[in-house]
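> Need the 3D shape of this:
(one chain, ligands or ions: 1)
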Amino acid sequence: MGFTFLNMKLLDRKTAIITGASRGIGKGIALKFAEQGANIAFTYLSSEEKAKALESELSAFGVTAKGFKSDASDFDSAQQLAADVIEIFGSIDVVVNNAGITKDNLLMRMSEEDYDRVMQVNMKSIFNLTKAVIRPMLKQRSGSIINMSSVVGVKGNAGQANYSASKAAIIGFSKSTALELGSRNIRCNVIAPGFIETEMTAALDDSTVQAWRDSIPLKRGGSPEDIANATVFFASDMSAYVSGQVLNVCGGMLT
Ligand code: NAP
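Numbering: from 1, shown residues only. Okay, here's the model as predicted:
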């Protein structure tokens with residue numbers, strides 16, 4: 001059963017855009033948002049079937065849900081997405097910039113192409129969609145933008161120089177956005193997940209995964225739902241006085 005306050009769902013009547021929600025953390029966020037009454041526009045890059053299945057799953061909560069095939073790294077696609085969402089849903093109250101990729105390698109072996117692609121998908125995407133939603137949010141004089149960073153953006157990680165650079169950049173971008181838009185009641189916060197068990201981490205071998213779990217104070221990897229719960233907080237009016245913050249959701253890895 002969902003967490004409700006005086007029988008009101010936390011995201012009732014809000015419209016949210018969630019990027020990269022065909023699987024993993026983004027899908028977990030979409031499901032939790034729908035449970036809390038939000039109408040959902042979500043994006044994906046290639047997982048057409050999973051997106052269709054998610055649309056039906058979300059609709060079962062009695063909300064409006066639509067998946068958009070939209071490359072987050074492309075500026076014009078973000079403009080088009082925002083215009084489509086306004087036309088179909090009428091407003092954009094919450095944006096979760098979640099789409100992200102890894103192309104890990106030691107710096108010695110990292111190609112320029114892999115560096116550029118990770119920066120484009122993970123960081124430039126946030127510039128793209130934030131630019132696209134500023135105008136409608138300014139008009140409404142409200143909005144909550146939530147950007148998905150990572151604990152490795154806070155502390156670095158060997159083999160992930162490109163990824164951790166993109167995730168650190170997200171933090172600087174988000175703090176600046178919070179400062180620029182706060183006077184218009186637009187909030188911007190960051191979630192820095194620790195080790196969350198999804199397809200992204202399924203690429204790692206078993207012993208690496210177990211070593212990660214053992215090193216976490218709470219002794220387990222996180223779930224998409226763990227991240228979704230924190231995202232609901234930032235999306236809802238429960239966090240009305242919280243902006244420019246980074247919340248590490250990492251089982252106590254970072255203290
Ligand atoms: P995932 O399972 O690999 O899912 C990635 C999602 O992003 C998919 O829906 C994918 O769509 C979408 N995507 C990828 N490139 C895209 C693009 N160019 N345009 C639009 N959508 C795109 O990843 P995850 O583990 O859920 O991670 C989600 C976010 O959390 C990422 O930003 C990641 O960096 C961050 N994070 C994850 C962890 C972790 O431990 N898992 C830890 C810290 C931070 P398709 O299915 O169509 O490809």
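> how about low-confidence regions in the stretch 51-200 of the chain?
Within the stretch 51-200 of the chain, no stretch has pLDDT under 70.
> Can you name the residue of it nearest the ligand?
residue 100 (2.3 Å; CB to the nearest ligand atom). C-beta: built from backbone N, CA, C; applies to glycine.
> neighbours around that residue, how many?
Residue 100 has 25 neighbours, counted by other CB atoms under 10 Å.
> and the longest strand seen in the chain, C-alpha only, in CSV?
In the chain, taking DSSP state E as the definition, the longest strand is strand 186-193. Extracted in CSV, the C-alpha atoms of strand 186-193 (Å, rounded to 0.1, in the frame of the first residue of the first chain):
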residue,chain,number,x,y,z
ILE,A,186,11.5,26.2,-9.0
ARG,A,187,13.6,23.8,-7.0
CYS,A,188,16.5,21.7,-8.2
ASN,A,189,18.0,18.8,-6.2
VAL,A,190,20.3,15.9,-6.8
ILE,A,191,20.1,12.2,-5.8
ALA,A,192,23.4,10.4,-5.6
PRO,A,193,22.6,6.7,-5.6
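> how far does it sit from the chain's center?
Between the centre of strand 186-193 and the centre of its chain there are 9 Å (CA atoms, centre = their mean, to the nearest Å).
> What is it packed up against?
Packing contacts for strand 186-193, counted by 3 or more CB pairs under 8 Å, 6 or more residues apart in numbering; DSSP states H and E, involve helix 125-140, strand 143-148, helix 151-155, helix 161-181, helix 224-235, strand 246-249.
> Around residue 106, count how many other residues there are.
A total of 10 residues lie near residue 106 under the criterion other CB under 10 Å.
> Count the neighbours of residue 41 for me.
For residue 41, the tally of surrounding residues (other CB under 10 Å) stands at 27.
> Residue 187 now?
Residues lying near residue 187 (other CB under 10 Å) number 25.
> Nice, that's everything, thank you.
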